[in-house]
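**Q** Could you look at this predicted model? Sequence included:
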Amino acid sequence: MPKERIKKMTGVLAAVFSHTGHISKEDAKEISGLDEGAFEKVYAKAANIADKMSKAEGDKMQKFIEHYGEEIDEYMKEFGPEVLA
């Protein structure tokens, strides 16, 4: 279901901000609109991003985009390449 996949992508993004201390975990969950189980899965994906970002050197924004893209790839597959066209 497209709406659920978009919520998960939003959840990953919001959870990164939680892992980096900018918002609370509860705020990230609220932003995502996901139930507890689904949110915990995206929260774990965000932990991977935050961990990689803490070790990144150079252009941190570019590294963030790369790592975020890796983590949400499974959610994007449903939409196909035309989503970004």
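**A** Right, received. Where do you want to start? Numbering: from 1, shown residues only.

**Q** give me phi/psi at the residue nearest to residue 39 when sequence neighbours are not counted?
**A** Residue nearest to residue 39 in three dimensions, not counting chain neighbours: residue 29, with 4.8 Å by CB to CB, 6 or more residues apart in numbering. Where C-beta positions appear, they are placed from N, C-alpha and C, glycine not excepted. When read as degrees, to the nearest 10, the backbone of residue 29 gives phi -60, psi -40.

**Q** ok, now residue 58?
**A** Main-chain torsions, residue 58, degrees, to the nearest 10: phi 80, psi -140.

**Q** Name the next helix or strand downstream of the longest helix seen in the chain, please.
**A** Counting residues, the longest helix found in the chain (DSSP state H) is helix 36-55. Going down the chain from helix 36-55, the next helix or strand is helix 60-76, by DSSP states H and E.

**Q** That following helix vs helix 36-55, what angle?
**A** Per axes from the mean of the first three to the mean of the last three CA atoms, to 10 degrees, the angle that helix 60-76 makes with helix 36-55 is 150 degrees.

**Q** Tell me which other helices or strands helix 60-76 touches.
**A** helix 2-19, helix 36-55 (3 or more CB pairs under 8 Å, 6 or more residues apart in numbering; DSSP states H and E).
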